[in-house]
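Participant: Just the structure for this:
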Amino acid sequence: MIVLYLIHVRYNTPLRRVPGPFLASLTRLWKVKTIFTARQELVLLDLHRKHGPLVRIGPNEVSVSDPQALKVIYGAGSRFTKTKWYPSWSMGGQSGKYDVFSDPTIEGHAATKRLLSASYSMSAVNGLDSFVQRPIDRLLSRFEESSRSGQQMNLADWLQWFAFDVIGEVSFSKQFGFLDAGRDVDDTLKAIDETLWSGIVIAELPELDAIRKSPLFRHLPLVGGYDTRLNFIIVGHMHKQQAQRVLSERRQFSEVDRRDLLSRFFKVQQEHPEYDDLDLQITITVNIFAGSDTTSIALRAILYYLISNPRCYERLLDELDEASSTGEMSEKAGLADAQRLPFLQACIKEAMRLHPSLGTQHTRFVPKGGVVIAGTHLPEQTIVGINAWVMHRQEAIFGIDAAQYRPERWLEGDKGLMERHFMSFGYGAHVCLGKNIALLEINKLIPQILRKYRLRLARPNDAGGGWSCTSHTFVQQRNFDVFVERRNDK
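Facilitator: As a prediction, the model looks like this:
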C-alpha cells in the first residue's frame, strides 16, 4: 500500500512534470529536512538556479521564482488563499482567535487590518519618535563605552536588544531592560528562538498543530505555554491575573498619559467592543514576537554590508556629514530627514534586498480553476509560494549583478520595477502592518550611529566574512563583532 501511495503522489498528478528533488515529490518531510540545514533559503536558491522558475518542493507544493507570478499570487484582488502554514502561528492558543498574520481567510485578515491600520499609519508612527529615541540614546551610550574601552561589540546581540526595547516602548511605554542589562533578560530571546525552531516544523506539518491545540494537550508546556508566554512578554513577566490588572490600570490613564500603541488599541476597543482583551494581547505579542526579529535583522544587514564595502561606507558618510553641516538632518535624525538622503535610502533598500528577514515561502492555495505560471498549468489547491531570497536575486529585475551588494542600482536603474518586486515587508494586501515602525527605527538609528562612530569588523577574514547566519523562520545573523571608534570631532 505504501508503494502504491508513493507511486500515486509522484506520478499520478499534474505536478509530475514540475522538476525538483525526488524525495520532495513523495513527502513533506523533505521540507522539514531543509529546515535542519539552517539555511533553507539557500537550498531554494540553488534549486531554482538548477531547475528554473518552478520547483516541486512537496507532493502538492511548488516554489515559484517567475517575477510575473508575484502579482498573480499576492496582488490586490488575488483569490489565492493562505495555507494551513499560517494558523499554526496564531498566538490565540485554544481560543481559536487569529491575528492579522495568522488568519487564513481573506475576509478575516481584511477585517482585522481595517481595525488596526490607523494605529500603524505613517502619521500615527511619526508620533512615536520619542519612544524610539529613548532606546537609541541608551544604545549610543553603549557604543561610547565600547569606543573608550576598545572592547569589541557583538552587534548581533545589541541590535536585537535594541529592537526589543523599542517594541516595548512603542507598544506600552515600557522597555524590557535588555540595553540596560546588556544581556538576554530572563532568557526571553532564547525562549522565542526555541519557539521559532519548533514552530516552523509544526507549521510545515499542520497535523501536529491540530494535535497541540487539542484540549487533551492544553496543559502541556508547548501548548499551554501560549497563554503564559503571551502575558509573560507583554507586561514584563507577570502572571495572567497581573496582566489583566495592568491592562485595567492603563485603560484608566491611556487617554491622558500615553500615546503608545496600547493606548490606540484601547480606542479601537471602545469603538469595536468585539476586539476584546485577548485580541489586544495577541496583537501586542505579535508586534514583539515578529517586530523585534525583523527589525534587528534589517539593522544588522545594513551595517554589515556598509562596513564590508568601504567605498559605499565612505560615500554614505559624506552624504550624512553634508546633511548635518547644512542643517538638512537634525541631531536626532527624524524619519523625514533620513528619507531625503538618496544614498542612505539606497543602502537601506539594498541591504534589505540581499538579506530579507524571512527565509520561508509565503504559501498560498491556487484558487478554483487553477492557474498558469511560467507556462505550466497548476491545478486548484496546489500550494505555491515565492521566497523573497529567490525573488530578490532575479537578474531580470535587479540586474546581472543581482547577487552583489550595489546600492547604486536604486539610483540608476528602474526603481519602480524593483520596488514592485521587493518583498522584505510582504506584498500587496499582506504588507506588514509594522512596516512604518520598522522604517522609523532604521532611519533614526543608522544615521545617529554612523555620524558619531566608525565601525570595523573584528574578524573580517572568518569563513562567514565577519558574521554567521542561520535560518529556521527568520534568517538570523550571529557573531557580528565590531570595533567601535569615535569619529574625529563627532
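
Participant: rest of the way, CA atoms for contacts and neighbours
Facilitator: Fine.

Participant: residue ranges for the helices of the stretch 351-490 of the chain, please.
Facilitator: Applying DSSP state H, counting those that start in this stretch to the stretch 351-490 of the chain gives helices spanning 388-391, 395-398, 409-412, 415-419, 435-452.

Participant: Which other helices and strands does the longest one contact?
Facilitator: Contacts of helix 435-452 with other secondary structure elements, assessed using 3 or more Cα pairs under 8 Å, 6 or more residues apart in numbering; DSSP states H and E, are made with helix 122-126, helix 129-149, helix 277-307, helix 310-325, helix 335-339.

Participant: In TSV, list the ones you listed along with mean pLDDT.
Facilitator: Formatted as TSV, these follow (pLDDT from 0 to 100):
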stretch	mean pLDDT
helix 122-126	90
helix 129-149	96
helix 277-307	89
helix 310-325	96
helix 335-339	93
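
Participant: Redo these as CSV? Include mean neighbour count and distance to L354.
Facilitator: Shown next, in CSV, are the helices and strands packed on helix 435-452 (neighbours: other Cα atoms under 10 Å; distance: least, Cα to Cα, whole Å):
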stretch, mean neighbour count, distance to L354
helix 122-126, 17, 25
helix 129-149, 18, 25
helix 277-307, 22, 8
helix 310-325, 16, 15
helix 335-339, 18, 20
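
Participant: re earlier: just name the most buried of the helices of the stretch 351-490 of the chain.
Facilitator: helix 388-391 (a mean of 24; mean count of other Cα atoms under 10 Å).

Participant: thinking again about what came up before, specify the stretch among the helices of the stretch 351-490 of the chain that is closest to L335.
Facilitator: Of all those, it is helix 435-452 that lies closest to L335, at 5.6 Å by Cα to Cα.

Participant: Just the C-alphas of that closest one, formatted as CSV.
Facilitator: Only the C-alpha atoms of helix 435-452 are listed here, as CSV (Å, rounded to 0.1, in the frame of the first residue of the first chain):
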residue,chain,number,x,y,z
LYS,A,435,6.5,48.4,8.3
ASN,A,436,6.3,52.1,9.2
ILE,A,437,7.6,51.4,12.8
ALA,A,438,10.5,49.4,11.4
LEU,A,439,11.3,52.3,9.0
LEU,A,440,11.2,54.8,11.8
GLU,A,441,13.7,52.7,13.8
ILE,A,442,16.0,52.1,10.9
ASN,A,443,16.0,55.7,9.6
LYS,A,444,16.6,57.2,13.0
LEU,A,445,19.3,54.7,14.3
ILE,A,446,21.6,54.2,11.3
PRO,A,447,22.4,57.9,10.8
GLN,A,448,22.9,58.5,14.5
ILE,A,449,25.4,55.6,14.7
LEU,A,450,27.4,56.4,11.6
ARG,A,451,27.7,60.2,12.1
LYS,A,452,29.3,59.6,15.5
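
Participant: Return the distance of that helix from the chain's centre.
Facilitator: Helix 435-452 has its C-alpha centroid displaced from the chain centroid by 16 Å (Cα atoms, centre = their mean, to the nearest Å).

Participant: Begin at 58 from now on, thanks
Facilitator: Happy to do that; since the first residue is 58 now, the last one works out to helix 492-509.

Participant: how much does that helix deviate in direction from helix 334-364?
Facilitator: Angle of helix 492-509 versus helix 334-364, following axes from the mean of the first three to the mean of the last three Cα atoms, to 10 degrees, is 40 degrees.

Participant: Tell me what angle helix 492-509 forms with helix 367-382.
Facilitator: Using the same axes, to 10 degrees: helix 492-509 against helix 367-382 is 90 degrees.

Participant: Toward the C-terminus, what is the element adjacent to the helix or strand harbouring E251?
Facilitator: Following DSSP states H and E, one finds E251 within helix 245-261. Toward the C-terminus, helix 245-261 is succeeded by helix 263-269 as the next helix or strand (DSSP H and E).

Participant: Can you pull the poorly scored residue ranges out of the protein?
Facilitator: Applying pLDDT under 70 to the chain flags the ranges 58-69, 150-152, 269-306, 308-315, 520, 546-547.

Participant: Give me the neighbour count for K90.
Facilitator: Each residue near K90 was counted by other Cα atoms under 10 Å, and the total is 13.

Participant: now it: how far from V100?
Facilitator: Remark: distance between K90 and V100 (Cα to Cα, to the nearest Å) = 11 Å.

Participant: For stretch 252-267, output the C-alpha coordinates as CSV.
Facilitator: C-alpha atoms of stretch 252-267 as CSV (Å, rounded to 0.1, in the frame of the first residue of the first chain):
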residue,chain,number,x,y,z
THR,A,252,9.7,28.6,19.8
LEU,A,253,10.6,29.6,16.3
TRP,A,254,12.5,26.4,15.7
SER,A,255,9.7,24.2,16.9
GLY,A,256,7.1,26.5,15.3
ILE,A,257,8.4,26.2,11.8
VAL,A,258,8.4,22.4,12.0
ILE,A,259,4.9,22.4,13.2
ALA,A,260,3.9,24.9,10.5
GLU,A,261,5.2,22.5,7.8
LEU,A,262,3.3,19.6,9.4
PRO,A,263,-0.2,21.1,10.2
GLU,A,264,-1.3,17.8,11.7
LEU,A,265,1.0,18.5,14.6
ASP,A,266,-0.6,21.9,15.1
ALA,A,267,-4.1,20.3,15.3
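
Participant: so how far is that stretch from its chain's centroid?
Facilitator: Relative to the chain's own centre, stretch 252-267 is displaced by 18 Å; criterion: Cα atoms, centre = their mean.

Participant: again with stretch 122-134
Facilitator: Distance, centroid of stretch 122-134 to centroid of chain: 20 Å (Cα atoms, centre = their mean).

Participant: Show me which residues of it are buried.
Facilitator: 122-124, 126-127, 129-131 (16 or more other Cα atoms under 10 Å).

Participant: ok, back up a step: and of the helices and strands packed on helix 492-509, who's closest to H419?
Facilitator: Of those, nearest to H419 by Cα to Cα is helix 334-364, at 15.1 Å.

Participant: Direction-wise, compare that closest one with helix 245-261 and give the angle.
Facilitator: Angle, helix 334-364 to helix 245-261, by the same axes, to 10 degrees: 100 degrees.

Participant: same for helix 334-364, what does it pack against?
Facilitator: Looks like helix 334-364 contacts helix 212-229, helix 278-291, helix 367-382, helix 399-411, helix 492-509, strand 510-514, strand 532-535 (3+ Cα pairs under 8 Å, 6+ apart).

Participant: Tell me the strands beside the shortest one, with direction?
Facilitator: Spelled out, it's strand 532-535. Partners of strand 532-535 in the sheet, by DSSP bridges, are strand 525-528 (antiparallel).

Participant: Pull out the buried residues from the partner strand.
Facilitator: Buried-residue list, strand 525-528, by 16+ other Cα under 10 Å: 527-528.

Participant: between the helices and strands packed on helix 492-509, which gets nearest to K472?
Facilitator: Across those, closest to K472 is helix 392-396 (Cα to Cα), at 15.4 Å.

Participant: Now do the closest one: which elements does it pack against?
Facilitator: helix 399-411, helix 492-509.

Participant: about what we covered before: and of the helices and strands packed on helix 492-509, who's closest to G239?
Facilitator: Nearest to G239, of all those, is helix 186-206, at 8.9 Å by Cα to Cα.

Participant: Just the C-alphas of that closest one, formatted as PDB.
Facilitator: Output in PDB follows, covering the C-alpha atoms of helix 186-206 (Å, rounded to 0.1, in the frame of the first residue of the first chain):
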ATOM      1  CA  ASP A 186       9.500  59.300  17.500                       C
ATOM      2  CA  SER A 187      10.300  60.000  21.200                       C
ATOM      3  CA  PHE A 188       9.600  56.400  22.100                       C
ATOM      4  CA  VAL A 189      12.200  55.200  19.600                       C
ATOM      5  CA  GLN A 190      14.700  57.900  20.600                       C
ATOM      6  CA  ARG A 191      15.000  56.800  24.200                       C
ATOM      7  CA  PRO A 192      16.400  53.300  23.400                       C
ATOM      8  CA  ILE A 193      18.600  54.900  20.700                       C
ATOM      9  CA  ASP A 194      20.200  57.200  23.400                       C
ATOM     10  CA  ARG A 195      20.800  54.100  25.600                       C
ATOM     11  CA  LEU A 196      22.300  52.100  22.700                       C
ATOM     12  CA  LEU A 197      24.600  55.000  21.700                       C
ATOM     13  CA  SER A 198      25.900  55.200  25.300                       C
ATOM     14  CA  ARG A 199      26.900  51.500  24.900                       C
ATOM     15  CA  PHE A 200      28.700  52.400  21.700                       C
ATOM     16  CA  GLU A 201      30.500  55.200  23.600                       C
ATOM     17  CA  GLU A 202      31.600  52.700  26.300                       C
ATOM     18  CA  SER A 203      32.900  50.400  23.600                       C
ATOM     19  CA  SER A 204      34.800  53.100  21.900                       C
ATOM     20  CA  ARG A 205      36.500  54.100  25.100                       C
ATOM     21  CA  SER A 206      37.400  50.600  26.300                       C
END
